[in-house]
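Visitor: I would like to see how this sequence folds:
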Amino acid sequence: MLLELNLLYRDFVISDFSPAANHFLIACSGGADSVFLLHSVHKLLAEHNLQQNIICAHFNHRWSSSSEKPVQIVKNLCRELNIKFVCGKAKNSGQNSEAEARDERYAFLTQAAISHKANIVLTAHHLDDQIETFFLRLLRGSGTEGLTCMQKARNLAPEIKLLRPLLEVDKAQLIAYCQSNKLFYYEDPSNDQLDIKRNQIRKQIIPLIERLQPSYKNQISNLIEILNQESEFIKDYVNNLNKSNFTNTKSFLKQEIAIQREILKELLISHSIPPSYELIERLRKSILECMTENQGALEKSVLAKKKISLSKEFFFECNKKHFGIFSNAQINNLNKSLQAKFVFDPFKFNLKASDLSPQIINIPQIGLLLISKISSSIDLSDISKERNSYSVYVDLSDLEKSKFEIRQRMPGDIFQPINCGYSVKLKSFLINRKISSLKNRNNFAIQNESEHLINKANSLENTKYKEHIIVMAVENSSNVLWIPGVELSDLIKVKDKATHLLELQYKS
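Guide: Coordinates of the predicted model:
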């Protein structure tokens, strides 16, 4: 057995990482596993006269009054082996949770490695630890990556690698090594406390599993390896996806469900939001609903969107074009920017009445084009076909000599809705229709991928900026003829024959 352990270290530490070129910081708690780690690595490196490349680090969590005992055990072993010893201590005495204690311990190990110019940190996590972690995460509801548990190697910091060479070694073998070499080690009395979940698993659940399946360690270890390979495949696949389509709704929904979940998980992690299965599924289904729900009119379908609050700082939003996680502060800043920029003088223009070629009217203040086409032979059946409200057939025969303007809404504007025999205040109409502040610009932006940033900003349903509503009116008149993205006035709707087809577009 000891020969096998020596071969394990030769393969893992010496072959893969040239010992002459590396300095090792070994984390030693004083337990049998870490005492084995310190003693056996020292023995192996001494064969190459490189024992001076070892530093031993102990972190005192101050869990109890007996916390100084393992400190002395580790210090005495370092003195015996002539190994440099460094010690850290928890800020709070026994008050940290297991996660907080782990974070504090790794912060100490990282700093110790930097201070002593060690580029490899070794910890003594073994197979029993790995299996306990597997059950803890299984009960917590972890996904595939979570169930891969601890990795044999990972980067702890730039130029510093963390290695766990004992993850396939049974704890009983480590204890046997210590006893065979008459090495003192510390047995933590807290390991018997059954109010700790890990101890419940170790003392109560695992013995039952062992009776049912004596080879459970090999079976679970194999499962962890399979899950690890599958998880790595999915992560590599997602990393190789075209990042420009990463949050494109249609591209997302073409992926397999496992890939969709990985994309959303990475998106959540990038914003420091815990990626629980329930949250990932909620986001995934909201994206699907944006594409599949039937709201009747084409325009409403295009504008279908979902918004989910993730925290005080972030929210998730999706529509038929895009999805993403946005910061409330970022959106507020963008809205303020839009409020400052989206102010323009009325743009005045004439519409031709007899030219067969399209008339393209550039509105540079807001980056829009108004395209007018003569529609002298349009059939009413064509007009009745479903269209979005940025492309409308109109009858301007009563306004042939009029000049028009595109402008923001103004106090005193009036509007006659379709099939309504009288005009109403535009303000009242917008309120009754529940049109939010930048609704018609927002709706327009949401149909143009190139304007996705504005779409993100305008996605907030905020009523502060109703003056930013775009309208088309007769020059110097309060009578609004068209609210692009919302509705056409009854005054210019087609009754017998259309004179023009008007389309509002973003300037490319």
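Visitor: what helix or strand does the residue in the chain sticking out farthest from the centre sit in?
Guide: Distance from the C-alpha centroid of the chain, by C-alpha atoms, centre = their mean, peaks at residue 401 (56.1 Å). Counting by DSSP states H and E, no helix or strand carries residue 401.
Visitor: try residue 129
Guide: Using DSSP H and E, residue 129 falls in helix 127-140.
Visitor: and that helix, what's buried?
Guide: 127, 128, 129, 130, 131, 132, 133, 134, 135, 136, 137 (16 or more other C-beta atoms under 10 Å). No exception for glycine: its C-beta is placed from N, CA and C like everyone else's.
Visitor: include pLDDT and distance to residue 347 when you put those into TSV, please.
Guide: Shown next, in TSV, are the buried residues of helix 127-140 (pLDDT from 0 to 100; distance: C-beta to C-beta, whole Å):
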residue	pLDDT	distance to residue 347
127	95	74
128	95	75
129	95	70
130	95	69
131	96	71
132	95	70
133	94	65
134	95	66
135	95	68
136	93	65
137	91	61
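Visitor: would a markdown table of these with distance to residue 108 be doable?
Guide: Below are those laid out as a markdown table (distance: C-beta to C-beta, whole Å):
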| residue | distance to residue 108 |
| --- | --- |
| 127 | 25 |
| 128 | 24 |
| 129 | 19 |
| 130 | 23 |
| 131 | 26 |
| 132 | 23 |
| 133 | 21 |
| 134 | 26 |
| 135 | 28 |
| 136 | 23 |
| 137 | 25 |
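Visitor: which of those sits closest to residue 203?
Guide: residue 132 (10.5 Å; C-beta to C-beta).
Visitor: distance of the closest residue to residue 407 other than its chain neighbours from residue 68?
Guide: Counting by C-beta to C-beta, 6 or more residues apart in numbering, residue 346 is the residue found nearest to residue 407 once chain neighbours are left out, at 3.7 Å. Separation of residue 346 from residue 68 (C-beta to C-beta, to the nearest Å): 81 Å.
Visitor: over to residue 288?
Guide: Noted for residue 288: a distance of 58 Å to residue 68, by C-beta to C-beta.
Visitor: the more surrounded of those two?
Guide: residue 288 (16 against 11; other C-beta atoms under 10 Å).
Visitor: what about the stretch 251-400 of the chain, any weak spots by pLDDT?
Guide: Applying pLDDT under 70 to the stretch 251-400 of the chain flags the ranges 293-304, 331-343, 354-356, 375-389.
Visitor: what do you get if the cut-off is 80, keeping everything else the same?
Guide: Within the stretch 251-400 of the chain, the stretches with pLDDT under 80 are 292-305, 328-344, 352-357, 364-368, 374-390.
Visitor: show me the helices in the stretch 351-500 of the chain, by range?
Guide: Remark: helices assigned in the stretch 351-500 of the chain by DSSP state H, counting those that start in this stretch are 380-383, 426-432, 439-446, 452-458.
Visitor: ok so residue 208 is a helix residue?
Guide: Yes - under DSSP: H, G, I helix; E, B strand; the rest coil, residue 208 falls within a helix.
Visitor: what residues are up against residue 104?
Guide: 59, 61, 90, 91, 96 (C-beta atoms under 8 Å, 6 or more residues apart in numbering).
Visitor: what is the burial count for the residue nearest to residue 407?
Guide: Residue 346, neighbours per other C-beta under 10 Å, totals 15.
Visitor: same deal with the one 4 residues further on?
Guide: By the measure other C-beta under 10 Å, the count of residues near residue 350 is 13.
Visitor: start at 22 instead
Guide: Sure, I'll start counting at 22 from here, so that last one is residue 371.
Visitor: from what I see, it and residue 426 are in contact.
Guide: No - the criterion here is C-beta atoms under 8 Å, and residue 371 misses it with residue 426 at 10.6 Å.
Visitor: how does this structure divide into domains?
Guide: Using automatic domain parsing, the domain parsing of the chain gives 23-246, 262-360, 368-527.
Visitor: let's have these in CSV, adding distance to residue 256.
Guide: Below are the domains of the chain laid out as CSV (distance: least, C-beta to C-beta, whole Å):
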stretch, distance to residue 256
domain 23-246, 8
domain 262-360, 7
domain 368-527, 26
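Visitor: out of everything not next to it in sequence, what's closest to residue 146?
Guide: Using C-beta to C-beta, 6+ apart and skipping the chain neighbours, the partner closest in space to residue 146 is residue 185 (4.8 Å).
Visitor: distance of that neighbour from residue 369?
Guide: 73 Å.
Visitor: the lengthiest helix in the chain to helix 148-161, inter-axis angle?
Guide: Ranked by residue count, the top helix of the chain under DSSP state H comes out as helix 237-260. When axes from the mean of the first three to the mean of the last three C-alpha atoms, to 10 degrees is applied, the directions of helix 237-260 and helix 148-161 differ by 60 degrees.
Visitor: what average pLDDT does stretch 231-241 get?
Guide: Across stretch 231-241, pLDDT averages out at 95.
Visitor: can you list contacts of that stretch?
Guide: Residues outside stretch 231-241 that contact it (C-beta under 8 Å, 6+ apart) are 148, 149, 152, 155, 191, 227, 230.
Visitor: which is the next helix or strand following the helix holding residue 150?
Guide: For helix 148-161, the succeeding helix or strand toward the C-terminus, using DSSP H and E, is helix 165-168.
Visitor: tell me what that next one is packed against?
Guide: For helix 165-168, the packing partners by 3 or more C-beta pairs under 8 Å, 6 or more residues apart in numbering; DSSP states H and E come out as helix 148-161, helix 237-260.
Visitor: of all these, which lies closest to residue 200?
Guide: helix 148-161 (16.8 Å).
Visitor: correct me if wrong: residue 85 contacts residue 207.
Guide: No - using C-beta under 8 Å as the test, residue 85 is too far from residue 207 to be in contact (11.9 Å).
Visitor: give me the more crowded residue out of the two.
Guide: residue 207 (19 against 13).
Visitor: distance of residue 89 from residue 96?
Guide: The gap separating residue 89 from residue 96 is 10 Å, by C-beta to C-beta.
Visitor: quick revisit: which one of the contacts of stretch 231-241 sits closest to residue 287?
Guide: residue 155 (23.0 Å).
Visitor: how about the nearest residue to the closest one, chain neighbours excluded?
Guide: Spatial nearest neighbour of residue 155, excluding adjacent residues (C-beta to C-beta, 6+ apart): residue 170 at 5.3 Å.
Visitor: that's a helix at that neighbour, yeah?
Guide: No - applying three-state DSSP, one finds residue 170 to be coil, outside a helix.
Visitor: next up, the contacts around it.
Guide: By C-beta under 8 Å, 6+ apart, the contact list for residue 170 reads 151, 154, 155, 158, 245.
Visitor: contacting residues for the fourth one?
Guide: Under the criterion of C-beta under 8 Å, 6+ apart, the contact list for residue 158 reads 167, 168, 170.
Visitor: helices of the stretch 172-321 of the chain, start to end?
Guide: Under the criterion DSSP H, counting those that start in this stretch, the stretch 172-321 of the chain carries helices at the ranges 192-201, 218-221, 227-233, 237-260, 270-275, 278-291, 298-313, 319-324.
Visitor: and for the first one, what's in contact with it?
Guide: Contacts with helix 192-201, where a contact means C-beta under 8 Å, 6+ apart, come from 22-23, 26, 53-54, 56-57, 60-61, 145, 147-150, 187, 204, 206.
Visitor: kindly report the same for the fifth one.
Guide: By C-beta under 8 Å, 6+ apart, the list of residues contacting helix 270-275 from outside reads 263, 266, 281, 284, 308-309, 311-312, 339-344.
Visitor: distance of residue 312 from residue 272?
Guide: As judged by C-beta to C-beta, residue 312 and residue 272 stand 12 Å apart.
Visitor: and if you look at residue 244?
Guide: Distance from residue 244 to residue 272, counting by C-beta to C-beta: 33 Å.
Visitor: equivalent analysis for residue 503, please.
Guide: Remark: distance between residue 503 and residue 272 (C-beta to C-beta) = 34 Å.
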